[in-house]
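# Build the 3D model from these lines:
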Amino acid sequence: MAVAVMEALMIFIASCLCVFLILHLIKFFNKVWWNPIRIQSAMRAQGMRGPPYRFLHGNTKEIYNMRSEIMSSPMELSHQMLARIQPHVYSWIKLYGMNFLSWYGPQAQLVITEPELIKEVLSNKDGAYPKSVIQNYAEKLLGDGLVLSQGKKWLKMRKLANHAFHAESLRGTIPAMIVSVEAMLDRWRQEGVKEIEVFQEFKVLTSEIISRAAFRSSYLEGKNIFDMLTRMALIVGRNNYKVGISGIKYSSYLSFSTKI
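Numbering: from 1, shown residues only. As a prediction, the model looks like this:
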């Protein structure tokens with residue numbers, strides 16, 4: 001009798017586990033296959049085209065490959081920076097028009113480049129365009145500040161930020177700018193350099209001005225903090241197109257993604 005009860009209990013547990021797994025598989029495939037295909041079909045019916053959805057990774061593999069290819073080649077002297085910075089957007093605008101649908105994993109992203117539509121979204125008077133959820137570790141880099149906040153908190157922080165850009169406030173930063181620029185020029189004269197890495201020099205100059213104007217300090221005193229922020233930004237950017245597999249606590253990522 002006891003053996004029969006145990007067998008029945010084991011069968012019941014196994015059945016529950018099978019049902020649990022089946023339900024989760026249905027939910028998983030609905031998220032990564034059926035829902036994206038449904039959205040893609042609905043948007044195409046409204047005339048909104050874009051690169052086709054690819055199972056699991058969406059368009060992230062294409063974006064990663066495009067960016068890797070363009071970044072591995074020398075940069076041409078040109079004011080046309082979109083093709084360099086966002087090669088996928090540049091390419092897809094030519095293929096699908098000013099507005100198109102792309103995919104970050106199974107998440108649909110409507111990309112708009114028409115100035116009037118951009119203006120409407122940025123004004124957002126009715127709150128119809130909520131901010132998107134930041135992926136990966138970008139949230140840790142940006143913090144819970146003006147960029148990510150919404151609603152009353154955003155409004156309060158925006159008012160505080162506006163004060164920093166008033167004419168009087170900006171006028172007060174001029175001495176810090178002058179001191180920083182003069183220090184940079186003196187260093188150039190003392191070193192007697194004939195060739196200058198402009199990007200690095202102006203990055204340090206910007207950090208120096210921020211340090212003096214906002215923190216009454218110098219770049220050298222906060223160099224470690226600036227360096228750590230730079231490294232974190234590089235890590236976030238390098239892993240921006242990793243796509244997590246839903247349902248796994250420590251997300252696994254597709255093989256085309258870069259490693260930290």
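
# Identify the residue nearest Gly145 in space, chain neighbours excluded?
Distance criterion C-beta to C-beta, 6 or more residues apart in numbering; nearest residue to Gly145, sequence neighbours excluded, is Met157 at 6.7 Å. For glycine as for every other residue, the C-beta is placed from the backbone atoms N, C-alpha and C.

# any idea how far Lys131 lies from Ala233?
19 Å (C-beta to C-beta, to the nearest Å).

# meant to ask about Glu195
Glu195 is 27 Å from Ala233, by C-beta to C-beta.

# Break down the stretch 1-150 of the chain into its helices, ranges please.
2-29, 35-45, 60-71, 82-85, 87-96, 115-123, 138-142 (DSSP state H, counting those that start in this stretch).

# Next, format those helices as TSV and append mean pLDDT, mean neighbour count and distance to Gly151.
Shown next, in TSV, are the helices of the stretch 1-150 of the chain (pLDDT from 0 to 100; neighbours: other C-beta atoms under 10 Å; distance: least, C-beta to C-beta, whole Å):
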stretch	mean pLDDT	mean neighbour count	distance to Gly151
helix 2-29	81	10	30
helix 35-45	94	14	27
helix 60-71	89	17	30
helix 82-85	88	13	31
helix 87-96	94	16	29
helix 115-123	87	10	16
helix 138-142	73	14	17
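
# what would the ones you listed look like in a markdown table with distance to Arg54?
What follows is the helices of the stretch 1-150 of the chain, written out as a markdown table (distance: least, C-beta to C-beta, whole Å):
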| stretch | distance to Arg54 |
| --- | --- |
| helix 2-29 | 15 |
| helix 35-45 | 9 |
| helix 60-71 | 7 |
| helix 82-85 | 23 |
| helix 87-96 | 13 |
| helix 115-123 | 26 |
| helix 138-142 | 23 |
